[in-house]
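Student: Sequence plus predicted model, see below.
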Amino acid sequence: MAVLAAGATFEEFCVYTRSLRGDVPDAELVDLWGWRKKLHSVKLNAGTGSRSQLPDDEQHLTNNEREAKVFAEAKSQGRNIEKLPERNPHWI
C-alpha cells in the first residue's frame with residue numbers, strides 16, 4: 001500500500017485513514033491530522049552545516065580524530081606542539 005504524500009490535503013488524509021482503519025470519528029481524524037502536521041514539521045540537525053566548511057577528507061572525522069590529525073601533521077612538519085592545560089571553571 002502506498003504511503004500518503006507529505007503535501008496531502010485534509011480530505012485526502014481522511015480518505016487514506018478510513019481506507020486503513022475503517023470508520024473513524026471526525027474528532028479523532030482532526031486529532032490525527034494535528035499530529036501528522038507536527039511530525040512533518042520536525043527538523044533534524046545532523047551538523048552537516050558546520051562540517052561542510054571542513055576539507056572533504058575531514059568531514060567524516062570526529063573532533064578527537066581531527067585533533068589527532070592536526071597534531072600528527074604538525075609533528076611531521078617538525079613543529080613542537082604542547083597542549084594547553086584544561087581550563088579550570090574556577091579561574092573564570
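Tutor: Alright, I've got the coordinates.

Student: Could you list the single helix or strand in the chain with the lowest mean pLDDT?
Tutor: Scoring the helices and strands of the chain by mean pLDDT, DSSP states H and E places helix 48-51 at the bottom, with a mean of 77.

Student: what about the helices in this protein?
Tutor: Under the criterion DSSP state H, helices of the chain are mapped to 10-21, 26-40, 48-51, 63-76.

Student: Of all those helices, which one is nearest residue 3?
Tutor: Ranking these by proximity to residue 3 (C-beta to C-beta) places helix 10-21 first, at 8.9 Å. Every residue, glycine included, has its C-beta placed from N, CA and C.

Student: Run through the chain and note the low-pLDDT ranges.
Tutor: Confidence mapping of the chain against pLDDT under 70 gives the ranges 1, 47, 89, 91-92.

Student: make it 80
Tutor: Counting by pLDDT under 80, the chain has low-confidence residues at 1-2, 45-51, 83-92.

Student: quick one: contacts for the residue in it sticking out farthest from the centre?
Tutor: What lies farthest from the middle of the chain is residue 78; by C-alpha atoms, centre = their mean that is 39.4 Å. Residues touching residue 78, when contacts are defined by C-beta atoms under 8 Å, 6 or more residues apart in numbering, are absent altogether.
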